[in-house]
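Trainee: Task: produce atomic coordinates for the following.
(one chain, ligands or ions: 1)
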Amino acid sequence: MAKNPKRSIDRLIEAAVQAQKRAYCPYSRYSVGAAVLTDGGRVFAGCNVENASYGLSMCAERAAIYHAVASGHDAIRAVAVVGAAAKPCGACRQVMHEFSDKDTDLYLVDLNPATGRRSVYKTTVYKLLPLAFDPLASGLLPANPRNLLRRKAAKTKRK
Ligand code: ZN
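Mentor: Residues are numbered from 1 along each chain as shown. Alright, predicted model coming up:
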């Protein structure tokens with residue numbers, strides 16, 4: 001994490017607040033913003049994006065995580081979710097777990113649209129998904145999949 005952890009978290013929450021404003025949610029009118037803080041101190045945001053074919057809609061949390069991964073960052077130190085009583089759905093909890101460890105913090109930011117007041121509840125990704133399906137424990141991935149993926153990428157580059 002960056003030198004000033006509080007500043008990093010403020011930056012993370014602000015990115016989620018800004019992303020919430022860009023949510024595409026004409027059907028539910030329920031806007032959510034999310035942002036992830038990576039090991040390297042980078043912040044990636046996402047918002048919910050709905051579709052006329054409802055099942056194709058994507059949550060803000062997964063949009064933020066996929067944004068980070070697509071940018072080459074797959075180790076998450078903290079996640080912020082902003083919305084009216086927003087809490088990650090089960091699918092997002094599992095996806096967050098994939099890129100988190102037991103110390104990955106989760107900030108649930110309840111933003112009252114009428115008053116603009118915020119309340120922040122801090123927990124961890126692991127606490128929100130006890131007994132998660134674990135790719136390491138299940139033997140689907142080796143002990144450090146990130147190293148494996150990086151080695152694979154380096155090999156591909158050398159060819
Ligand atoms: Zn979700």
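
Trainee: ok, residues contacting the helix ranked longest in the chain?
Mentor: For the chain, the helix with the greatest residue count under DSSP state H is helix 5-21. Contact with helix 5-21 is made by 1-2, 31-37, 41, 43-47, 60, 64, 78-83, 105, 107, 109, 111, 120, as judged by C-beta atoms under 8 Å, 6 or more residues apart in numbering. (Glycine included, C-beta is placed from N, CA and C.)

Trainee: if you set the cut-off to 7 Å instead, what comes out?
Mentor: 1-2, 31-35, 37, 41, 43, 45-47, 60, 78, 80-83, 107, 109 (C-beta atoms under 7 Å, 6 or more residues apart in numbering).

Trainee: Make a PyMOL selection of the buried ones in those residues.
Mentor: A single PyMOL command selects the buried members of the contacts of helix 5-21 (16 or more other C-beta atoms under 10 Å):
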select buried, resi 31+32+33+34+35+37+43+45+46+47+60+78+80+81+82+83+107+109
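
Trainee: which of the contacts of helix 5-21 are close to the ion?
Mentor: Contacts with the ion within these, counted by C-beta under 5 Å from the ion: none were found.

Trainee: need the strands for this protein, in chain order.
Mentor: 33-38, 43-47, 76-83, 105-111, 118-124 (DSSP state E).

Trainee: Could you export these as JSON lines, including distance to Ser138?
Mentor: JSON lines is the format used below for these (distance: least, C-beta to C-beta, whole Å):
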{"stretch": "strand 33-38", "distance to Ser138": "24"}
{"stretch": "strand 43-47", "distance to Ser138": "27"}
{"stretch": "strand 76-83", "distance to Ser138": "20"}
{"stretch": "strand 105-111", "distance to Ser138": "23"}
{"stretch": "strand 118-124", "distance to Ser138": "21"}
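
Trainee: now those strands as CSV including mean pLDDT?
Mentor: What follows is the strands of the chain, written out as CSV (pLDDT from 0 to 100):
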stretch, mean pLDDT
strand 33-38, 98
strand 43-47, 98
strand 76-83, 97
strand 105-111, 96
strand 118-124, 96
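
Trainee: what's around Ile9, how many residues?
Mentor: Counted with other C-beta atoms under 10 Å, the neighbours of Ile9 add up to 20.

Trainee: if I look at Arg93, how far off is the ion?
Mentor: 8 Å (C-beta to the ion, to the nearest Å).

Trainee: Not counting residues beside it along the chain, what's closest to that residue?
Mentor: Leu129 (4.1 Å; C-beta to C-beta, 6 or more residues apart in numbering).
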